[in-house]
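**Student:** All I have is the shape, not the residue letters:
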């Protein structure tokens, strides 16, 4: 309660009491619905700042009209992203602030991130968004990937924000993903409108250059402020996504049970010039095939790690199928790489049909440093096989039975690469 005093010369007039309410910063205490009691200073009103922090999953239910003056989605170092799903309505009187914390790199082999825009392009400008990413210095990077570029040295190219080729059009596009890195730990703050449409078209007859089995990679992003499941993607001649690990600089291909974090960039590969990728706010309702078994091989060293998966599933085949398989997308750093190979096809995810008796799969391994390495195997249903043998093709030796031991350790030089192992699966 305040009293208004008006003065002129020696005269003063004292008004009646005036009551007014000032806004507060009210922060979520935990995950839940917007209109529950888990706010530090009550449910936000149109004059309050609503703050959501890392690791919290907040839903605005259908029929709820959420209000706030500013919405702030915080992000701190190496934490799980916050998630906000708006199934009702959200009235932000002033602005939404979305934070993104990026770890600075410590070498040329780490600190690379695939990132998407947390706001709608229409709520900002090209220059304003560019200035948010960085004040360009010699040691920070911002690129997008152009698939349909070919010259004598390049199959595709990275387009640099600092040196945009003439005729390239707008650098920032809602559906596009970006490759970024920073010399120091950096917090980005974006101001604009959150994306909340029922769906977004990420690819529509995107380019497929030659050779088709190596090209056709496109960098897209999740435009929503929440985790997206694979059932939210509608794919026509488009692979499942691959995320980039910022610590190892290796790509991790996703399977049906995985999710894409808010605003994360991801790589997909098209297999036909007729293609489409749509991302939906809710599940597309299609029937999901359930794997009978998943076998994961992981290689680790002092430089980092990588993994490849064999998915045993009905409707799959030993050949490449864009619906179920992901070709190997090689990383950038010194981390080792591992992948399966059938014929001329290299897989990070290899979906195969049911094994009747036995199966032998070539396992390629790349060591980029003279180092000690360890290969481990994880299998969902261990009882499906009598023996799971890792075989060395060079020495003609059974190295380990993963039914008995959990890992195989060895030293490798950089020249001992690629066509080295086989995985032998025996049911009897």
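**Tutor:** Yep, it's here. A quick note: this is a predicted structure, and the numbers were derived from the prediction, not measured. Numbering: from 1, shown residues only.

**Student:** on contacts alone, who are the packing partners of the longest strand seen in the chain?
**Tutor:** Using DSSP state E to define each element, the chain has its longest strand at strand 89-102. For strand 89-102, the contact count by 3 or more C-beta pairs under 8 Å, 6 or more residues apart in numbering; DSSP states H and E identifies strand 65-73, strand 113-116, strand 186-192 as packing neighbours. C-beta coordinates here come from the backbone N, C-alpha and C atoms, glycine included.

**Student:** Quick one: the helices in the stretch 1-150 of the chain, in order.
**Tutor:** Applying DSSP state H, counting those that start in this stretch to the stretch 1-150 of the chain gives helices spanning 126-133.

**Student:** coming back round to it: may I have the strands that pair with the longest strand of the chain, each with its orientation?
**Tutor:** strand 65-73 (parallel), strand 186-192 (antiparallel) (DSSP bridges).

**Student:** Quickly compare those strands and say which is most buried.
**Tutor:** strand 65-73 (a mean of 20; mean count of other C-beta atoms under 10 Å).

**Student:** How far away from the center of its chain is that strand?
**Tutor:** Centroid displacement of strand 65-73 relative to its chain, using C-alpha atoms, centre = their mean, to the nearest Å, is 26 Å.

**Student:** Report the rounded mean pLDDT for stretch 111-130.
**Tutor:** The average of the pLDDT scores along stretch 111-130 is 92.

**Student:** coming back round to it: I'd like the helices and strands packed on strand 89-102 laid out as TSV, including distance to residue 163.
**Tutor:** Below are those laid out as TSV (distance: least, C-beta to C-beta, whole Å):
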stretch	distance to residue 163
strand 65-73	32
strand 113-116	19
strand 186-192	21
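
**Student:** Go through those strands and name the closest to residue 379.
**Tutor:** strand 113-116 (29.3 Å; C-beta to C-beta).

**Student:** chain center to the closest one: distance?
**Tutor:** Computed by C-alpha atoms, centre = their mean, the chain-centroid distance of strand 113-116 equals 7 Å.

**Student:** Ok, stretch 248-265 next?
**Tutor:** That offset, for stretch 248-265, works out to 4 Å (C-alpha atoms, centre = their mean).

**Student:** For residue 187, report the pLDDT, please.
**Tutor:** 91.

**Student:** Can you give me the neighbour number for the closest residue to it other than its chain neighbours?
**Tutor:** In this structure, residue 187 finds its nearest non-sequential neighbour in residue 101, 5.1 Å apart by C-beta to C-beta, 6 or more residues apart in numbering. Residues lying near residue 101 (other C-beta atoms under 10 Å) number 16.

**Student:** who's in contact with residue 101?
**Tutor:** 75-79, 185-188 (C-beta atoms under 8 Å, 6 or more residues apart in numbering).

**Student:** what are the phi and psi angles of the spatially closest residue to residue 292 that is not a sequence neighbour?
**Tutor:** In this structure, residue 292 finds its nearest non-sequential neighbour in residue 312, 4.8 Å apart by C-beta to C-beta, 6+ apart. Here is the backbone geometry of residue 312 (degrees, to the nearest 10): phi -90, psi 120.

**Student:** about what we covered before: what about the residue nearest to residue 187, distance to residue 166?
**Tutor:** 34 Å (C-beta to C-beta, to the nearest Å).
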